[in-house]
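[1] sequence isn't available, so here's the structure alone:
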Ligand SMILES: Cc1cc2nc3c(=O)[nH]c(=O)nc-3n(C[C@H](O)[C@H](O)[C@H](O)COP(=O)(O)OP(=O)(O)OC[C@H]3O[C@@H](n4cnc5c(N)ncnc54)[C@H](O)[C@@H]3O)c2cc1C
Ligand code: FES
Ligand code: FES
């Protein structure tokens, strides 16, 4: 069986898009290579690092573990959808302020996971935040500054 | 990614037809957290994904006092452990499903996928076995019921015949005199594969154990039903000695391997420790009801 090109219709950060994908593309590949939205990063390509995390139909997922064709009819939110035109999202500002990133490869995934956490639990304990973000790996920061930033934003 | 096509099933019969027509290389796609990774890394030769997530029966989550809990095979774990009834009545399912991967995995991963993948270390399997889980299996020749305890036949192998799929998994209704728990051992706090795991369900009559089921994970080629461990409990009060006897019976049937995660000795010991701990957890849960 040979995969075919398919047009999927997906709402990405509020914009409905028709995207030509291959049946064998992951959602991550479709976002980065077909649409040119390179916010979601490829760290491991096997579900372990969370760098590719996006929110699909209200749920946090690793886009490397979703087929692009599965997103036909879905709503996807990526890190590009976090800031408004004028202002960074408070999580983004706080990550910058608090130096919660170094190389930055993990940052889009952490931002999306933190965003999903605060949507569900606006006031997480440190332990809850650490468990929520356990699926996101960071090679550089040692995590503390990331957790601090999320808790600071939660406190408002 | 290897050359793979994608089909979205419209209903159960459509899924069966797609699977049967697709032959050996067609696989059901639930959350894809095993399947997509295995297909990409060419650990599984697959050329057709049959997506069942748009069929209501595969995505259900229903409870009633006579038929118990029915979980659609592809219902995401995130939905399962987020459900109030599941939290109240089936905490052992919450124990297991909250530690399968991280949140982004749980947003997609399912009980049916954990079962269909048939890894001896599949974390939900001992919990499902302890709870008496029965899978509804459908295929070209109709439907049948298979207990989770009898589902796996070896690492990555199970009783499904060609064209067959899991529709849902049912757990009997539970009363206040029943309790269950699941635990695993991993060297980290989260995001790891079990070195060993255990699930226990007990039913009390006063202080005496009227019935019990205990299952072990990652200590043999398939999850194990620890019949001897359950028998050590039945008819007895849960004294330290009785619990320890059950632990010994559990470790006596472990036949693990040594690999990077743990040795035969450690896993055999863990079978006892985790059995004892889950018996105590199950008892605590009954007492706190
Ligand atoms: C980063 C990461 C961490 C993980 N951590 C854990 C862990 O801690 N513990 C653990 O147990 N697992 C873990 N897993 C493995 C995986 O997430 C689980 O096994 C999960 O439950 C699989 O569910 P799924 O819905 O994603 O299955 P899928 O990947 O969609 O399917 C898995 C297999 O089952 C078959 N299948 C699925 N549904 C059906 C059905 N209805 N009928 C017949 N066959 C079916 C598929 O064809 C496939 O072969 C992890 C995976 C990743 C990527
Ligand atoms: S790239 Fe998707 S989880 Fe690492
Ligand atoms: S900042 Fe480099 S991986 Fe996190």
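    Here it is on my side, so go on. As the structure is a prediction and not an experimental result, all values here were calculated from the model. Ligands and ions are numbered 1, 2, ... in the order given.

[2] where in chain A is pLDDT low?
    A:1 (pLDDT under 70).

[3] so which residue of it comes closest to ligand 1?
    residue A:47 (2.8 Å; CB to the nearest ligand atom). Where C-beta positions appear, they are placed from N, C-alpha and C, glycine not excepted.

[4] skip the chain neighbours and tell me the closest residue to that residue.
    Nearest residue to residue A:47 in three dimensions, chain neighbours excluded: residue A:65, at 4.7 Å (CB to CB, 6 or more residues apart in numbering or on different chains).

[5] how close does the one you found get to residue B:120?
    Distance of residue A:65 to residue B:120, computed by CB to CB, to the nearest Å: 22 Å.

[6] need the residues of chain A near ligand 2, please.
    A:42, A:43, A:44, A:45, A:47, A:48, A:49, A:50, A:51, A:52, A:62, A:64 (CB under 6 Å from any ligand atom).

[7] now do the contacts for residue A:53.
    Going by CB atoms under 8 Å, 6 or more residues apart in numbering or on different chains, residue A:53 touches A:40, A:60, A:61, A:62, A:63, A:108, A:109, A:112, A:113, A:135, A:136, B:104.

[8] OK, contacts around the fifth one?
    Contacts were defined as CB under 8 Å, 6+ apart; by that measure residue A:63 touches A:26, A:27, A:28, A:31, A:40, A:52, A:53, A:54, A:56.

[9] is ligand 1 contacted by the host helix or strand of the third one?
    Right, residue A:28. Per DSSP states H and E, residue A:28 falls inside helix A:27-29. No. Under the criterion of CB under 6 Å from any ligand atom, ligand 1 is not reached by helix A:27-29; the shortest gap measures 13.6 Å.

[10] partners of the helix or strand that that helix is followed by in the sheet?
    Following helix A:27-29 in sequence order, the next helix or strand is strand A:53-56 (DSSP H and E). Sheet pairing of strand A:53-56 (DSSP bridges) gives strand A:59-62 (antiparallel), strand A:75-77 (antiparallel).

[11] per-domain residue ranges of chain B.
    B:5-51, B:56-171, B:178-287 (automatic domain parsing).

[12] of all these, which one is nearest chain A?
    Chain A sits nearest to domain B:56-171 of all those, at 2.1 Å, using CB to the nearest CB.

[13] mind checking the end-to-end distance for that closest one?
    19 Å (CA to CA, to the nearest Å).

[14] check whether it comes near chain A.
    Yes. Against chain A, domain B:56-171 shows contacts by CB under 8 Å from any CB of the partner chain at B:76, B:78, B:101, B:102, B:103, B:104, B:105, B:107, B:108.

[15] of those residues, list those near ligand 3.
    Of the residues of domain B:56-171 next to chain A, not one also sits near ligand 3 (CB under 6 Å from any ligand atom).

[16] check contacts around residue 34.
    I'll assume chain A. Neighbouring residues of residue A:34 by CB under 8 Å, 6+ apart: A:19, A:20, A:21, A:25, A:68.

[17] my question was about chain B
    Contacts for residue B:34 (CB under 8 Å, 6+ apart) come out as B:113, B:117.

[18] hmm, 10 Å instead?
    Neighbour list for residue B:34: A:47, A:65, B:27, B:43-44, B:105, B:109, B:113-114, B:116-119, B:122, B:156 [criterion: CB atoms under 10 Å, 6 or more residues apart in numbering or on different chains].

[19] residue of chain A with the smallest distance to chain B?
    Counting by CB to the nearest CB, chain A gets nearest chain B through residue A:135, at 2.1 Å.

[20] that residue and residue A:106 touch, don't they?
    No. The pair residue A:135 / residue A:106 is not scored as a contact, 11.1 Å apart, by CB atoms under 10 Å.

[21] need the overlap of contacts for those two.
    Here residue A:135 and residue A:106 have A:49, A:50, A:53, A:113 as joint contacts, going by CB under 10 Å, 6+ apart.

[22] need the nearest residue in space to the residue of the stretch 51-200 of chain B found nearest ligand 1, chain neighbours excluded.
    Residue of the stretch 51-200 of chain B nearest ligand 1, by CB to the nearest ligand atom: residue B:113 (2.0 Å). Spatial nearest neighbour of residue B:113, chain neighbours left out: residue B:30 (4.1 Å); criterion: CB to CB, 6+ apart.

[23] top of the residues of domain B:56-171 next to chain A by neighbour count?
    Each of these was scored for neighbours by other CB atoms under 10 Å in any protein chain shown, and residue B:104 scores highest at 34 neighbours.

[24] got the phi and psi for that residue?
    Backbone torsions of residue B:104, given as degrees, to the nearest 10, read phi -70, psi -20.

[25] neighbours of residue A:11, how many?
    15.

[26] got it, and the one 4 residues further on?
    Around residue A:15 there are 8 other residues, counting by other CB under 10 Å.

[27] what residues are bridge-paired with it?
    residue A:12.

[28] so it is in contact with residue A:9, correct?
    No. When contacts are counted by CB under 10 Å, residue A:15 is not listed as touching residue A:9 (11.4 Å).
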